[in-house]
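[1] The following block contains a protein sequence and its predicted model.
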Amino acid sequence: MNKKQAQKAFTLAELLITLSVIGLVAILTIPTMIENHQQKAWNTASTVFERKLEEALKSMNTQETLAGHANTLDFVNELAKNIKINKICNNNELTSCFEEKIRWGADNEEIEMSKIKNAKHFGQENWETENIGIQFANGVTGIIAYNPACTQDPYNNQYTGINCIAMLYDTDGFKTPNQSGKDLRGINVLSLGNINCAIELSDGTCFTAPFRPKSLTMEECQTLKDKLGIEVCYSGGSYGDYWGGAVKQCGGVQNMPTQSQLDQLAKDLYPETTIYADETTSYGKIDENKTFKMGFSFSGGWFAILSGELENGRESSYARIFDYDWTKRASIFRDGYTVYNASGQRAYVVCIAD
């Protein structure tokens, strides 16, 4: 090899440096390339699936079977005649058709899908229908809600019918590895989660944020009592009927917590308690000025959380009383106490969140 040829050749050190640079570039770029490829694949799968779903809805529109269903299950059973579905899961078995937990939103929030029970958990507050789990023949899994107010126009072949549903679906279904929500797509999903669940018990029961009830008049009670499950209306004297107002705001007695649920609420929020010999009072180890979770405070003295259970006919209801024992410097949780309707200024309410 002459001198000119030697000058053109790479030294071993130069070759190693070049390979190292190439390897570093590969390490930095290949994951991004793979991610971009996967994203394109998910987008393609989503486009294909939604096109087939739209064709099925258009077919239902032509057959006049798109509108008029009373619930989501009836709609899904009709949908199955127009697109291949392998499995339908009832409202209490959603995770048999879908993942138990997913990541969703900008905050990558973990959501338990067994709690996504109703259309309102998709942000569709006015639909008032239950969600149904669904597995399509192409492997796509989803949770779907039906809009009972949707319309149809069999003479319009451009009508898509997409306004009739809200659905969260997974383009890969149960295929592994699941990509932490990246392969999830939504149709008319405005939000995701139990928007009414401000306080959750250890057994999974959810309550709304606490509020002070508005008084219910005798006239309102007589009009609404059958719908709300109120047996006897109460005049409430000069103070009004706060328990009846709580029932109205919760949407019925069935949406009011039971006494045992209120007991569990206190134990969950203040687990370090001591029950004394009379077994009627529990003392929690908290500071006198500590704010009760989600807005309750001891700064104004005792307060009560109303239950849906009545005592003494219609004059008072069972409640969980929260007070402060200055001799023991501890909070008091009175069991089985009653609060009169006239005590509305000290009454709070939490409704069961569905």
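    Ah, there it is.

[2] quick one: Leu73 from Ile85, how far?
    Taking C-beta to C-beta, to the nearest Å as the measure, Leu73 falls 12 Å from Ile85. For every residue, glycine as well, the C-beta is placed using N, CA and C.

[3] Tell me the bridge partners for Ala304.
    Ala304 has these beta-bridge partners by DSSP bridges: Ile321, Ala347.

[4] What is the burial count for it?
    25 (other C-beta atoms under 10 Å).

[5] can you check Trp243 too?
    Neighbours of Trp243 under the rule other C-beta under 10 Å: 32.

[6] which element is it on?
    Trp243 is located in helix 242-250, with elements delineated by DSSP states H and E.

[7] Report the rounded mean pLDDT for that helix.
    Taken as a whole, helix 242-250 carries a mean pLDDT of 88.

[8] What residues of the helix or strand following it count as buried?
    For helix 242-250, the following helix or strand on the C-terminal side (DSSP H and E) is helix 259-269. Using 16 or more other C-beta atoms under 10 Å as the test for burial, helix 259-269 gives 259, 261-267, 269.

[9] Run through the stretch 251-354 of the chain and note the low-pLDDT ranges.
    268-302, 311-316, 322-345, 354 (pLDDT under 70).

[10] returning to what we had before: what packs against the helix holding Trp243?
    On a contact count with 3 or more C-beta pairs under 8 Å, 6 or more residues apart in numbering; DSSP states H and E, helix 242-250 meets helix 218-228, strand 303-311, strand 347-348.

[11] and the last one, what does it pack onto?
    Strand 347-348 is packed against helix 242-250, strand 303-311, with contacts defined by 3+ C-beta pairs under 8 Å, 6+ apart.

[12] Looking at the ones you listed, which one is packed in the most?
    helix 242-250 (a mean of 26; mean count of other C-beta atoms under 10 Å).

[13] Dump it to CSV, restricted to CA.
    The C-alpha atoms that make up helix 242-250 are tabulated as CSV, following Å, rounded to 0.1, in the frame of the first residue of the first chain:
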residue,chain,number,x,y,z
TYR,A,242,-84.1,20.2,55.8
TRP,A,243,-84.2,16.4,55.7
GLY,A,244,-86.8,16.5,52.9
GLY,A,245,-84.7,19.1,51.1
ALA,A,246,-81.6,16.8,51.4
VAL,A,247,-83.7,13.9,49.9
LYS,A,248,-84.7,16.1,47.0
GLN,A,249,-81.2,17.3,46.3
CYS,A,250,-79.9,13.7,46.4
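
[14] Okay, angle between it and helix 218-228 too, please.
    Put simply, helix 242-250 runs at 50 degrees to helix 218-228, going by axes from the mean of the first three to the mean of the last three C-alpha atoms, to 10 degrees.

[15] can you list contacts of helix 242-250?
    Helix 242-250 has contacts (C-beta atoms under 8 Å, 6 or more residues apart in numbering) with 211, 213-216, 220-221, 224, 228-230, 233-234, 236, 253, 256, 306, 308, 310, 317, 341, 343-344, 347, 349, 351-352.
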